[in-house]
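Undergrad: Generate a structure from the sequence data that follows.
(2 chains)
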Amino acid sequence: MPKIFFATDLHGSEMCWRKFLNAAKFYEADVLICGGDMTGKAMIPIVEENGQFSVTMGDEHQVVGADQVGEVEAQIRRKGYYPLRVTPERLQELDQDAGKRKECFQQVMLDGVQRWMDMATEKLRGSGVRIFVCPGNDDEMEVDDVVRGSNTVELGEGRMVEVDGFTMISTGWSNHTPWNTHREETEKQLGERIEVMARQVKDPAHAIFNLHCPPYKSGLDEAPAIDADLKLMHGGRALRPVGSTAVREAIDRHQPLLSLHGHIHESKGAVKLGKTLSINPGSSYEEGVLMAAVVNLDAKKGIKSYQLVNG
Amino acid sequence: MADTTMGSAGARPTLFLRNATGLVKAWSTFDAFIYSFMSVNLVTLALFYGTASGYLEPDGQLLSAVLFTGVMVTFQVIVYAGLVTAMPRTGGDYAWQSRVLGGGVAFVLAVTGWWFILWYWTPIYGNILIAIFINPIAATLGWTGVTDFFTHPLGIFVACLLTLAYVSAVVTLGMEAYARIQKVSFWLGMAGIAVVCILLLVYSQSDFQNAFNREATNLFGAKAGAYQATIDAGTTAGYTPHDVTFFSAGPTLLIVPFLLFALLWPNWGATLYGEVRGAKDYRRPFWSMFSGLWVTIGLVLLLLLLFAKTMGWGFYNAANSAFGAGTAPVTIWPNPLMFAGWLVDSHLFQIILLLVLGAWFFGWAGTLFLSSTRVIFAAAFDRVLPAWAANISATRRVPYGALILMVVPSIAVSALYAWNVFKFQTFILDAALVIAVTFLGTIVAATILPWRRKDIYANSPIARYNIAGIPVLTLASVVTGVFLLFTLYEWFSNTIYGVNNRTSLYFMGAMYVLAIVIYVVAFYVRRNQGIDLNKIHEAIPVE
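TA: Below is the predicted model of the structure:
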C-alpha cells in the first residue's frame, strides 16, 4: 500500500525541492506530492561589471569574481529567490520598464521550474516513485505547461488520478486573497471546480482531496491578521481563519479519507473533520526546512498512520 | 507580477518582487513591545514578589541588583531574538530544541517549562489577583468579610478558579481579542502608574506617615502610630534597615534569583513571534523584547527611588518583612501602590486608582495559557500527545483538548496551594526555576546551533554577526548560560529561596518524570503504529 510524502509551499527554495526529491528514499515513500506554490517570490539581480559580480542580499552587499558567482547563485536559490545575471544597462532597463520586468521574471521563473523538473528526472526516473505537482495560487498558469512537459513529474491540477487503489483529485486554486494572485476565484467558482472532480470519485473511503487552500475554520487556516495596508496587526500575534468555505463544504459533503492542504504556512496541523483526516504540514521554506506529512495508506484500514515531519 | 522593486545599493535596485501571497508589511514593534512589557510586568511580578523580597537580603542593594539582572537578561534577549530570526514561525523553545537537541530532550524541557509548571503558576496568579486587586479594593470599601474570606484557603481557591475562568475565556476569545484587551490595559495601567509617581513626587515623607497612620486605622483597625509599628514589626521579624544607597556586592548578587521571578520573561512571546513573516528582521524582535525589559527596569528603579523618598526605604522593606512574619498592622499584602493612593484622603479616589491599576493583572493574566496551548498543539502534531489534544471546536474554535490538559491539573494544584498541602505555598520560585531550566536547554541549543545545524544557521541573517570569528549567538548564549547556571545553583543550594527542600524537589522531579514517561510511552506506542518519533526532526539530505 502506498506511503505518501506530501509537502507544499516551497516557494522557489531549491534546498527544499532537493529534499523533496530525496524524501522518497529517506522515508521510503512511494508517492511524492507537492501541494502548490512552488515558484519563488523574488528575483535578485547579480550585476556583472568589469569582470566582477555584485549582489545585495538583505543588508549585505558583496562583490565576487567569476569563480565565486556560481556559489552566490546557489545561495540565492537555496533561499527561494531567483538569481539574475545582468549588465548595469539591463538592470536599469528592468528597473524602469514594468513590462520588461514582468517578461523577464516569468522567464526566469519558468526556467527555474524546468530546472526542478530536470532534477526530478535525474534523481527519480525509473525508481518507480510517482511524483505529483499541483501548482498553487502563487504559480502562474504557464507553470503547468512546464510540468506537463516532464516525463517524470505528473501534473495534478484539475485531474482525478489513481494511486495504488486510492483516488486523488487536485486543485491549486484558492479563494480570494488580498494579493490578487494567479489562481483565485470566488467561493462559488471554487466549489464548482472541486465538485466537478469530486462527483467522479466513487469511493470516498479511498479518496484523497489534494486542495491547496485549507478548509475554513479548521485550525489549518489561521493566518496573521492584516489591515487594509497589508500591515500585520497586533504585533503579528492576532490570527484569523482565512480558509475556503468551498473546500470545507466539499470535505463535509464527500468525507474523503484524506485531505491535503497548504497555503497558510503558519497553520501546521492535522485535524479530523468528520471521517476525513485533514493535514496542512505548514511551510518553513525560508529556513530550508522541508515541513511535510508522511501518510501510510492501507486498503482496509484507510490511514494506517501519519506523521508531520521537519526534514 | 514583478510589480515591485525594492532596496538599493547606490541607485540600483537589489530585489524584484512579484505579486505573491503573504508579502505583508512588518508588524509594529510597539505592539510587540506591549506583549513583552506586560509579560515582565512591573506590578504583578516585579513589585508583588521581585522587589518585595529584597528584605530577605537586607545587606544587598536592590537597585544595583535590578540593574545587574537587566544586563544579564539582555544577553538572553539577544539569544532569543537570534533564534526567532534564524528559525521563524517554528513555535519557540520546543521547536528550536527539537531541531538542535532532538525531540526527546525538547519535549521533556518544553512541556515541563511551558505546560506542567504553568499549573503551579495558576495559584500564583490567583494570589496576585487577591493581593493587588481584590483585597485592596475590598479593604478600601470596608468589606472586611471579603478580605477575611480571601485570606482563607477557600478564598484563595476561589481566586484561582476566577483566574482560570478569565484565562480560559481569553484563550477562547483568541489572540486578536486579547491583544486589544492588553493594549487597553497597558494604557490604563500606565496612567495609574503615572498618578502614583506624581503623588509620590509631590508629597513628603511626613505626609505619607500621616496618611498611612490614618488609613491603617480607618481600614484595618490598627492602633495609632501604625507607620512606626510597621517598621518595628519588620525589624523584629529579622529585617536590618539600611539606607537605600547601602551596597555590599555578595548580598546584592543574592537578590538576583528573587528578581528573576519577574525579569526573566521578556521573551515570553517568543513562541508567538515565530508566526510572523517579518521576524527575519533581527532588530524587530530584539527591540520588542529589549524595550519590554528595560522600560520595566526603568520604571522599577523610578518607583523604588520614589518609595525611598516618600515612604522611607526602611519602611518599604520592613512592611514586607512584617507581612512575611504575619505581624504587620496592615494585614493584607503591603501594596506600595495602594499606600501611594492613601496620600489622597478620599476612598473614592483610592478605589478608582486601584481599579485602574488592576489593568496590570488583566492585561497580563491572559498570557498564562496562551503559550502552553501552542506547545501542547506542537506535541500533538508531532504525535507525542494524542491527536485530541490539538482539537478545536467547530464553531467557536476553542482548543478544548489543550484547555482540559491545562485547566484540570491546575485546579488540583490550586487546591494543594490553597490549603497549603505539603507546604505548597512556599514553592513560589519553583515556578521560575523550572522555566529557567527550559530556557537553559534553549541556550544550549543556541550555543551549538552554528555547528550542529549549519544548514539553518548559515542560511539565516544572523550568520553575519561575529566577534573574533565566534558567532554572537554563541557568545551571548554562553554568558546567559553561565548566568542561569549561577541562579540555578543558588536556588538549589540556598535555603533562603525556599525551593531546595525535599518536597519542592519531589514536586519538580515528578514533573520531569511525568514528561519522560509520556515521551517513552508515546515512542513505543507510535513505533507499534509504524511511526518513528526520531524521524520528525531528522533533516533530509540535500544532495
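Undergrad: Can you report how many residues lie near the nearest residue to B:Gly113 once chain neighbours are set aside?
TA: Spatial nearest neighbour of B:Gly113, chain neighbours left out: B:Thr438 (2.6 Å); criterion: CB to CB, 6 or more residues apart in numbering or on different chains. For the C-beta atoms, the positions are set from N, CA and C on the backbone; glycine is no exception. A count of neighbours around B:Thr438, defined by other CB atoms under 10 Å in any protein chain shown, yields 23.
Undergrad: Next: the one 5 residues further on.
TA: Residue neighbour count, defined by other CB under 10 Å, stands at 25 for B:Ile443.
Undergrad: Next one: it from B:Gly54, what distance?
TA: 27 Å (CB to CB, to the nearest Å).
Undergrad: Over to A:Asp97?
TA: 68 Å.
Undergrad: More neighbours: which of those two?
TA: Between A:Asp97 and B:Gly54, counting by other CB under 10 Å, B:Gly54 is the more crowded of the two (25 against 12).
Undergrad: Spit out the contact partners of that one.
TA: By CB atoms under 8 Å, 6 or more residues apart in numbering or on different chains, the contact list for B:Gly54 reads B:60, B:62, B:65, B:255, B:258, B:317, B:320.
Undergrad: Okay, the residue nearest to the fifth one when sequence neighbours are not counted and B:Ala262: tell me how far apart.
TA: Read it as B:Phe258. Using CB to CB, 6+ apart and skipping residues adjacent in sequence, the residue nearest B:Phe258 is B:Ser53, 4.0 Å away. B:Ser53 is 10 Å from B:Ala262, where distance means CB to CB.
Undergrad: ok, now A:Arg183?
TA: 51 Å.
Undergrad: In terms of neighbours, single out the busier of these two.
TA: A direct count of neighbours by other CB under 10 Å for A:Arg183 and B:Ala262 places B:Ala262 higher, at 27 against 22.
Undergrad: Not counting sequence-adjacent ones, nearest residue to the residue sitting nearest the centre point of chain B?
TA: Nearest residue to the geometric centre of chain B (CA atoms, centre = their mean): B:Trp265, 4.4 Å. Once flanking residues are discounted, B:Trp265 sits nearest to B:Ser39: 4.6 Å by CB to CB, 6+ apart.
Undergrad: Look up phi and psi at A:Phe6.
TA: phi -120, psi 120 (degrees, to the nearest 10).
Undergrad: Name the spans of chain A whose pLDDT lies under the cut-off.
TA: A:59 (pLDDT under 70).
Undergrad: which residue ranges form the helices in the stretch 151-300 of chain B?
TA: B:153-173, B:175-202, B:205-220, B:226-236, B:249-263, B:270-273, B:283-306 (DSSP state H, counting those that start in this stretch).
Undergrad: So for B:Leu368, which of those sits nearest?
TA: Proximity to B:Leu368 (CB to CB) singles out helix B:153-173 among the helices of the stretch 151-300 of chain B, at 4.7 Å.
Undergrad: OK, contacts around B:Phe439?
TA: B:76, B:93, B:113, B:264, B:267, B:480, B:484.
Undergrad: what pLDDT, on average, does stretch B:57-68 get?
TA: Averaging pLDDT along stretch B:57-68 gives 94.
Undergrad: where does B:Met406 sit relative to chain A, distance-wise?
TA: 17 Å (CB to the nearest CB, to the nearest Å).
Undergrad: Check for me that that residue belongs to a helix.
TA: Yes: assigned with DSSP: H, G, I helix; E, B strand; the rest coil, B:Met406 falls within a helix.
Undergrad: May I ask which helix or strand encompasses the residue lying closest to it once chain neighbours are set aside?
TA: Spatial nearest neighbour of B:Met406, excluding adjacent residues (CB to CB, 6+ apart): B:Phe369 at 5.1 Å. Take DSSP states H and E as the rule and B:Phe369 turns out to sit in helix B:367-381.
Undergrad: What is the neighbour count of B:Phe48?
TA: B:Phe48: 23 neighbours (other CB under 10 Å).
Undergrad: Next one: the nearest residue to it once chain neighbours are set aside, what pLDDT does it get?
TA: Spatial nearest neighbour of B:Phe48, excluding adjacent residues (CB to CB, 6+ apart): B:Ile128 at 5.5 Å. According to the prediction, B:Ile128 has pLDDT 96.
Undergrad: residues in contact with B:Ile128?
TA: By CB under 8 Å, 6+ apart, the neighbours of B:Ile128 are B:44, B:48, B:361.
Undergrad: what's the helix or strand for residue 36?
TA: The chain I'm using is chain A. Judged by DSSP H and E, A:Gly36 forms part of no helix or strand.
Undergrad: ah, I was thinking of chain B
TA: helix B:29-40.
Undergrad: swap in A:Gln106?
TA: A:Gln106 belongs to helix A:98-124, assigned by DSSP H and E.
Undergrad: Show me what that helix is packed up against.
TA: Under the contact definition 3 or more CB pairs under 8 Å, 6 or more residues apart in numbering or on different chains; DSSP states H and E, helix A:98-124 sits against helix A:14-26, strand A:42-49, strand A:82-86, helix A:88-96, helix A:142-148, strand A:153-155.
Undergrad: residue boundaries of the strands in chain B?
TA: B:4-6, B:15-17, B:466-467, B:470-471 (DSSP state E).
Undergrad: Report the residue ranges of every domain in chain A.
TA: Using automatic domain parsing, the domain parsing of chain A gives A:3-39+A:106-310, A:43-97.
Undergrad: first vs last residue of the first one, how far apart are they?
TA: Looking back up the chat, that one is domain A:3-39+A:106-310. 17 Å (CA to CA, to the nearest Å).
Undergrad: now that domain, how far from the centre of its chain.
TA: Its chain's C-alpha centre and that of domain A:3-39+A:106-310 lie 6 Å apart, by CA atoms, centre = their mean, to the nearest Å.
Undergrad: Near chain B, which residues of the stretch 101-250 of chain A? Just list them.
TA: Selection of the stretch 101-250 of chain A residues close to chain B by CB under 8 Å from any CB of the partner chain yields A:101-102, A:104-106, A:109, A:137-138, A:140, A:177, A:179-182, A:217, A:219, A:224-226, A:229-241.
Undergrad: Pull out the buried residues from those residues.
TA: A:101-102, A:104-106, A:109, A:137-138, A:140, A:177, A:179, A:181-182, A:217, A:219, A:224-226, A:232-239, A:241 (16 or more other CB atoms under 10 Å in any protein chain shown).
Undergrad: ok, now how distant is the residue at the greatest distance from the centre of chain A from chain B?
TA: Within chain A, A:Asn50 marks the point farthest from the mean C-alpha position, 38.6 Å out by CA atoms, centre = their mean. Distance, A:Asn50 to chain B, using CB to the nearest CB: 15 Å.
Undergrad: which residues does that residue contact?
TA: By CB under 8 Å, 6+ apart, A:Asn50 has no neighbours at all.
Undergrad: dump the residue contacts of A:Leu169.
TA: Small correction: residue A:169 is Ile, not Leu. A:Ile169 neighbours (CB under 8 Å, 6+ apart): A:159-160, A:194, A:197-198, A:200-201, A:207-210.
Undergrad: Assign a three-state SS to it, would you?
TA: strand.
Undergrad: What is the burial count for the nearest residue to it once chain neighbours are set aside?
TA: Of all residues not flanking A:Ile169 in the chain, A:Met197 sits nearest, at 3.9 Å (CB to CB, 6+ apart). Per other CB under 10 Å, the neighbour tally for A:Met197 reads 19.
Undergrad: so which helix or strand takes in A:Met197?
TA: With DSSP H and E as the criterion, A:Met197 is inside helix A:187-198.
Undergrad: what's that helix packed up against?
TA: Looks like helix A:187-198 contacts strand A:166-171, strand A:207-211, helix A:245-254 (3+ CB pairs under 8 Å, 6+ apart).
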